[in-house]
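**Student:** Okay, predicted coordinates and the sequence, questions at the end:
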Amino acid sequence: MAKFKFEYIWLDGYMPEPNMRSKTKIIEMDFFDGDMKSIPVWSFDGSSTQQAEGSNSDCLLKPVRVYSDKGRQNAFLVICEVLNPDGSPHESNTRARFEDDEDLWLGFEQEYVLTRKGLPLGFPSNGYPRPQGPYYCSVGHGNAAGREIVEEHLDLCLEAGIEITGINAEVMLGQWEFQCFGRGAKKACDDLTVCRYLLHRVAEKYEVEIEFHPKPIKGDWNGSGMHTNFSNKFLRERGGKEYVEELMKAFQATHEEHISEYGSNNELRLTGMHETQAIDRFSYGISDRGASIRIPVSTAQEWKGYLEDRRPASHADPYRVAARILKTMNMVGKAKKNAKETVKS
């Protein structure tokens, strides 16, 4: 028998954005082959996470997905849903608010800023560095800051089996991005949650904080977003300009609903400047990074592929983002109807 470490990871009840929580359970077994049934439901003190009252504080953690954790020996990362004592989904459990859809593919472009004592890495203690320009996709001391953290995080995510498709330094000094792709709405969100967890954990070792605020530095500096690339089978395989335009009408009609799910303080970032559209406007365009939704050139060639929603803030709850995108896409009945008639191969 061996002792295995299972890190139970969940989102707490803080508002408007939840914090990430985790604790380790040691389970003795001969081996672990990834079977979720081998990982038991566990309890925690919800009164310490804004999820229960002290007089009735127990909440439950239901394991829903497991990943290998190469940063520790005999260890695994376990994404959990929070349940009430009777087994029903807790009100803070945004993962349980929508039915999964494996037809929805999501690619999250997660921007973040590495900070120490409130300042992005590379910023002087007084004043500012050179204006934006040389930092995007940069290399070299003075242009890129914190690469050792970014590289270590990348390796851990890949070793966990997550489909990270790339990383790059972003427009502001100390700002970085990773791209995380998932087939299926809940899997994509689970993968991103594990990526965020690992990023925080790696940064601890370097005494660095991860800042997900959408506008960490005021002034003429880019904010941080979580651009969300999305597609369903119909859009990927058949599409058509008419269908894309129908989708855009649906997204325009529900713009306010989307913004309400896309993270707080987003008005500080969505100003119409720094590669954004203003928060109170909706627009779309081919290769337009100043639009609410960008139609990639590759999609516009044959009007099939994927679309990029550029509105979600960097700290947005991915489950809320996925649920809202899925709901809006389902408004266009043609998608669901024709997806079943798509070439079966």
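**Tutor:** Structure's in. What do you need?
**Student:** In the stretch 201-345 of the chain, what residue spans correspond to strands?
**Tutor:** Under the criterion DSSP state E, counting those that start in this stretch, the stretch 201-345 of the chain contains strands at 209-211, 226-231, 284-286, 293-295, 307-309.
**Student:** quick one: contacts of the fourth one?
**Tutor:** Spelled out, that is strand 293-295. Applying Cβ atoms under 8 Å, 6 or more residues apart in numbering, the set of residues contacting strand 293-295 from outside is 244, 248, 251, 283-288, 307-311. No exception for glycine: its C-beta is placed from N, CA and C like everyone else's.
**Student:** how's this structure carved up into domains?
**Tutor:** Domain ranges of the chain: 2-95, 105-336, per automatic domain parsing.
**Student:** Can I get those domains in a markdown table including mean neighbour count?
**Tutor:** Output for these, formatted as a markdown table (neighbours: other Cβ atoms under 10 Å):
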| stretch | mean neighbour count |
| --- | --- |
| domain 2-95 | 16 |
| domain 105-336 | 19 |
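**Student:** Would you mind giving those as CSV with mean pLDDT added?
**Tutor:** As requested, the domains of the chain are exported to CSV (pLDDT from 0 to 100):
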stretch, mean pLDDT
domain 2-95, 97
domain 105-336, 96
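**Student:** so L61 is in which element?
**Tutor:** Using DSSP states H and E, the element containing L61 is strand 58-68.
**Student:** Which strands or helices does that strand pack on?
**Tutor:** strand 2-11, strand 42-45, strand 75-83, helix 185-205 (3 or more Cβ pairs under 8 Å, 6 or more residues apart in numbering; DSSP states H and E).
**Student:** Can I get it in CSV? Just the C-alpha atoms.
**Tutor:** C-alpha atoms of strand 58-68 as CSV (Å, rounded to 0.1, in the frame of the first residue of the first chain):
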residue,chain,number,x,y,z
ASP,A,58,-20.0,21.8,7.1
CYS,A,59,-19.9,21.9,3.3
LEU,A,60,-19.0,19.0,1.0
LEU,A,61,-16.4,18.6,-1.7
LYS,A,62,-17.5,16.4,-4.6
PRO,A,63,-14.5,15.4,-6.8
VAL,A,64,-15.4,15.8,-10.5
ARG,A,65,-12.0,15.7,-12.3
VAL,A,66,-8.5,14.6,-11.5
TYR,A,67,-5.1,15.6,-12.8
SER,A,68,-1.5,14.4,-12.3
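**Student:** Could you check the angle it makes with helix 185-205?
**Tutor:** With axes from the mean of the first three to the mean of the last three Cα atoms, to 10 degrees as the basis, strand 58-68 and helix 185-205 are set at 90 degrees to each other.
**Student:** Strand 58-68 versus strand 75-83: what angle between them?
**Tutor:** Interaxial angle of strand 58-68 relative to strand 75-83 (the same axes, to 10 degrees): 140 degrees.
**Student:** So what's the gap between strand 58-68 and the chain middle?
**Tutor:** Centroid separation between strand 58-68 and its chain, computed with Cα atoms, centre = their mean, to the nearest Å, is 18 Å.
**Student:** can you tell me which residues contact N143?
**Tutor:** P134, Y135, A169, L173 are the contacts of N143 under Cβ under 8 Å, 6+ apart.
**Student:** Does the second one belong to a helix, a strand or coil?
**Tutor:** Meaning Y135. The three-state assignment at Y135 reads coil, by DSSP: H, G, I helix; E, B strand; the rest coil.
**Student:** List the contacts of it.
**Tutor:** Y135 makes contacts with N143, A144, A169, E170, V171, M172, L173, Q175, as judged by Cβ under 8 Å, 6+ apart.
**Student:** measure it to N126 for me?
**Tutor:** 19 Å (Cβ to Cβ, to the nearest Å).
**Student:** cool, and the last one?
**Tutor:** Look at L173 and N126: by Cβ to Cβ, they are 15 Å apart.
**Student:** Same question for the first one.
**Tutor:** When Cβ to Cβ is the yardstick, P134 and N126 sit 21 Å from each other.
**Student:** Output the helices and strands packed on strand 58-68 in a markdown table; the columns should cover distance to S55.
**Tutor:** Shown next, in a markdown table, are the helices and strands packed on strand 58-68 (distance: least, Cβ to Cβ, whole Å):
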| stretch | distance to S55 |
| --- | --- |
| strand 2-11 | 22 |
| strand 42-45 | 12 |
| strand 75-83 | 18 |
| helix 185-205 | 30 |
